[in-house]
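Engineer: only the shape, not the letters, is given here:
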């Protein structure tokens, strides 16, 4: 089975996750990741299995913003949608972003994965870094935190390593199943 990995990110964290998946699946060849804003249509058309790694920004999957035609390009393919971001996996915002994307209606099958705390503070601008620190400090003062608030604090403080293979292991297992065992060449 031919596998394509597509990444769409605003601040680089989805690309970091996609490169970690590619390094594990393509025997260290991280360059196998296709940027959503520069899709190679021939490569994607030839793929039978597609992993899409995308952040969610302002209620929209970044992959849809960068590659609005991707839904039609995954018709009859097995798709893993890996959302990377601070949106709580159980939130209505995340669910609506995925539903509005119409990816599931085009794919033969779609499995969703959500990775924790995909904030890369080093890749943010100065103003965003200052705002992130301020928000994290203020959230810490709350007596009770939601899951999304805890995720934000952990990510803002760099407490989550996005390339930890334990985080992407379920995605690698999915790839193993859908490609006949290609999911662990180098892990």
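Structural biologist: Received, thanks. Please read these numbers as outputs of a predicted model, since none were measured by experiment.
Engineer: where exactly do the strands run in the chain?
Structural biologist: With strands called from DSSP state E, the chain shows them at 3-8, 33-35, 49-57, 60-61, 78-84, 109-115.
Engineer: thought residue 174 was touching residue 111?
Structural biologist: Yes. In this structure, residue 174 is within contact of residue 111 by Cβ atoms under 8 Å, at 5.8 Å. Every residue, glycine included, has its C-beta placed from N, CA and C.
Engineer: between the two, which contacts overlap?
Structural biologist: Overlap between the neighbourhoods of residue 174 and residue 111 consists of residue 80, taking contacts as Cβ atoms under 8 Å, 6 or more residues apart in numbering.
Engineer: spatially central residue in this protein, please.
Structural biologist: Central residue check for the chain by Cα atoms, centre = their mean: the C-alpha nearest the mean position is that of residue 53, 3.2 Å away.
Engineer: and that one, bridged to which residues?
Structural biologist: Taking DSSP bridges, one finds residue 7, residue 82 as the beta-bridge partners of residue 53.
Engineer: that one against residue 4, yeah?
Structural biologist: No. Contact between residue 53 and residue 4 fails when scored by Cβ under 8 Å: they sit 11.4 Å apart.
Engineer: any residues in contact with both of these two?
Structural biologist: Taking Cβ under 8 Å, 6+ apart as the contact rule, residue 53 and residue 4 touch no residue in common.
Engineer: how close does the residue of the chain positioned farthest from its centre get to residue 136?
Structural biologist: Of all residues in the chain, residue 143 sits farthest from the chain's C-alpha centroid, using Cα atoms, centre = their mean; the distance is 30.6 Å. The gap separating residue 143 from residue 136 is 16 Å, by Cβ to Cβ, to the nearest Å.
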